[in-house]
Structure formats: structure tokens, C-alpha cells
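Enquirer: Okay, sequence plus prediction incoming.
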Amino acid sequence: MIQTECPNLNGCPFFNRLALRSSEKVLKNLFCLSRYQNCARYKITQSGGQVPADLWPNGKTV
């Protein structure tokens with residue numbers, strides 16, 4: 001069975017800090033619920049690195 005939801009979704013600190021709730025649904029649909037392998041945060045986690053707190057799933061920082 002192919003997993004389509006990110007295994008880190010429930011514990012992802014990014015969404016706990018996100019103040020723009022309207023953006024949350026869009027970002028989850030783009031990165032967490034389908035193509036989570038494209039998420040910059042997921043890639044760093046998988047490589048054993050420490051994910052910067054301000055890193056967005058698209059790889060940009062704010």
C-alpha cells in the first residue's frame with residue numbers, strides 16, 4: 001500500500017506555529033496529504049538533520 005499522508009503530519013511543529021489558519025489547509029493539501037516527499041521539512045528529517053523552526057514546507061524561510 002502506498003502511503004499518501006506524511007508520517008510526520010500529526011507531530012509537525014510547523015502547523016503548531018502557523019498563525020495563518022487559512023493557509024494551513026492549502027499547505028497540508030499540497031505537501032502533507034499527497035506529495036509529502038516534496039516537503040523541505042520532511043526531506044531534512046529523513047536525512048537526519050535538524051529542521052529550522054522557520055522553514056516552510058516549500059523550502060522558504062520567513
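Expert: That came through fine.

Enquirer: And for stretch 36-56, what's in contact with it?
Expert: 4-9, 12-14, 17, 27, 31-32, 57-59, 61-62 (C-beta atoms under 8 Å, 6 or more residues apart in numbering). C-betas here are computed from N, CA, C, even on glycine.

Enquirer: got the end-to-end distance for it?
Expert: Counting by C-alpha to C-alpha, to the nearest Å, you get 13 Å between the two ends of stretch 36-56.

Enquirer: pLDDT of that stretch, averaged?
Expert: Confidence for stretch 36-56, expressed as mean pLDDT, is 94.

Enquirer: How far off centre is that stretch?
Expert: Stretch 36-56 sits 7 Å away from the centroid of its parent chain (C-alpha atoms, centre = their mean, to the nearest Å).

Enquirer: Tally up the residues packed near Ala19, please.
Expert: Ala19: 6 surrounding residues under other C-beta atoms under 10 Å.

Enquirer: How about Cys6?
Expert: Neighbours of Cys6 under the rule other C-beta under 10 Å: 21.

Enquirer: so what's it up against?
Expert: 12, 31-33, 36, 39, 42.

Enquirer: Just the buried ones from those?
Expert: Buried members of these, counted by 16 or more other C-beta atoms under 10 Å: 12, 31-32, 36, 39, 42.

Enquirer: Now do the helices in this structure.
Expert: Assigned by DSSP state H, the helices in the chain fall at 13-17, 21-27, 40-46.

Enquirer: quick one: buried residues of the last one?
Expert: Buried residues in helix 40-46, defined by neighbour count with 16+ other C-beta under 10 Å: 40-42, 45.

Enquirer: The shortest one too?
Expert: Residues Phe14 are the ones in helix 13-17 that count as buried (16+ other C-beta under 10 Å).
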